[in-house]
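Trainee: Could you look at this predicted model? Sequence included:
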Amino acid sequence: MYKNKTIKIVQDDCCGCGTCYSICPKNAISISVNTKGIYPKIDDNLCINCGKCLNYCSVDKQQTISVNEKSMNVYAVINKDKKTLNTSSSGGVFYNLAKHIINQNGVVYGVEFDSNFVAKTCRTDNLDALKKMMGSKYVQAILGDCFLQVKNDLLNERIVLFSGVPCQVHSLLHYLKIEKVNTNNLFTIDLICHGVPSPSIFEQYIGRLQKKYKSELIDYSFRNKKNGEVQGIR
């Protein structure tokens, strides 16, 4: 079907979920970052035009979901533990949900900063590691091969909690549907998203902060709750 065609990626039509990167049989796809955001690049020398990346791409593929509106309830929740609440960006609910999953021998996928303040979706089954995932990161996160890890966890009958923006959750569900993986043990958190800035933009901003304050950045908070401090710097 794709034998004599060259597969091209239009970045404006890509949500940067990285599914294609994860499933390419020839490792012909790499993840790149520019001022627009995260997007895949295809090495034409390795690509065999099998079309698998196109089949797994979730963009413009709407999933039919049956919803019984009468059974739906909406709750406003806040963590009663002040320490957890103060180290969270909003109501501190993520930590309690993640803790519950891990206490059931489950695994949690959330976003944390690496040593260079690059936002990445990571996997953990350790309560202490949840601290790095707490607090909103208003920047596009790199998923790497998380979808493959989620698939393996579900096949191993682990309970999984995946937290991400709606396009990432949609891509994960689309991927698992194609792979015919039972999702009864999968719980997802869709964050309210108004669009995510590029990691490249955030990297430039950090560079300006370090130049302005003549110091290396050691921590960053997008929604600082401490009075008397510069927003975003600790």
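Mentor: Here it is on my side, so go on. Only a predicted model underlies this, so the values are computations on that prediction, with no experimental measurement involved.

Trainee: Next secondary structure after the helix or strand of the chain with the lowest mean pLDDT?
Mentor: Lowest by mean pLDDT, DSSP states H and E among the helices and strands of the chain is helix 82-86, with a mean of 86. As assigned by DSSP states H and E, the chain's next helix or strand after helix 82-86 is helix 93-102.

Trainee: Output that next one as CSV, restricted to C-alpha atoms.
Mentor: The C-alpha trace of helix 93-102 is given here as CSV (Å, rounded to 0.1, in the frame of the first residue of the first chain):
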residue,chain,number,x,y,z
VAL,A,93,-5.3,14.9,44.2
PHE,A,94,-2.8,13.2,41.9
TYR,A,95,-0.6,12.1,44.8
ASN,A,96,-3.5,10.4,46.6
LEU,A,97,-4.6,8.6,43.4
ALA,A,98,-1.1,7.5,42.6
LYS,A,99,-0.4,6.4,46.2
HIS,A,100,-3.6,4.2,46.1
ILE,A,101,-2.5,2.6,42.9
ILE,A,102,1.0,1.9,44.1
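
Trainee: ok, so what distance separates the residue nearest to Ser88 when sequence neighbours are not counted from Gln11?
Mentor: Among residues not flanking Ser88 along the chain, Met134 sits closest, at 5.5 Å (Cβ to Cβ, 6 or more residues apart in numbering). All C-beta atoms are positioned from the backbone trio N, CA, C, and that covers glycine. Noted for Met134: a distance of 31 Å to Gln11, by Cβ to Cβ, to the nearest Å.

Trainee: now swap in Leu186 and tell me
Mentor: 29 Å.

Trainee: between the two, who's got more neighbours?
Mentor: Leu186 (20 against 14; other Cβ atoms under 10 Å).

Trainee: so the more buried one touches Leu155, yeah?
Mentor: No. If you go by Cβ atoms under 8 Å, Leu186 and Leu155 don't touch, sitting 11.5 Å apart.

Trainee: Now name the helix or strand holding Tyr138.
Mentor: Going by DSSP H and E, Tyr138 is not in any helix or strand.

Trainee: Look at it and say how many residues are nearby.
Mentor: 14.

Trainee: For stretch 144-164, give the mean pLDDT please.
Mentor: Taken as a whole, stretch 144-164 has an average pLDDT of 96.

Trainee: So for that stretch, what gets flagged as buried?
Mentor: Under the neighbour-count criterion of 16 or more other Cβ atoms under 10 Å, stretch 144-164 has 144, 146-147, 149-151, 153-154, 158-164 buried.

Trainee: Quick check: the farthest pair among those residues?
Mentor: Gly144 and Ile159 (21.3 Å; Cβ to Cβ).

Trainee: what residue ranges in this structure score low on pLDDT?
Mentor: Scanning the chain for pLDDT under 70 picks out the ranges 1-6, 60-70, 226-234.

Trainee: Would you map the strands across it?
Mentor: Assigned by DSSP state E, the strands in the chain fall at 29-34, 37-42, 107-113, 119-124, 160-164, 186-190.

Trainee: Packing partners of the fifth one?
Mentor: When you say that, I think you mean strand 160-164. Contacts defined by 3 or more Cβ pairs under 8 Å, 6 or more residues apart in numbering; DSSP states H and E place strand 160-164 against helix 93-102, strand 107-113, helix 146-155, helix 166-178, strand 186-190.

Trainee: quick one: the longest one to chain centroid distance?
Mentor: To tie it back to what came earlier, the one meant is helix 166-178. How far helix 166-178 lies from its chain's middle: 11 Å, per Cα atoms, centre = their mean, to the nearest Å.
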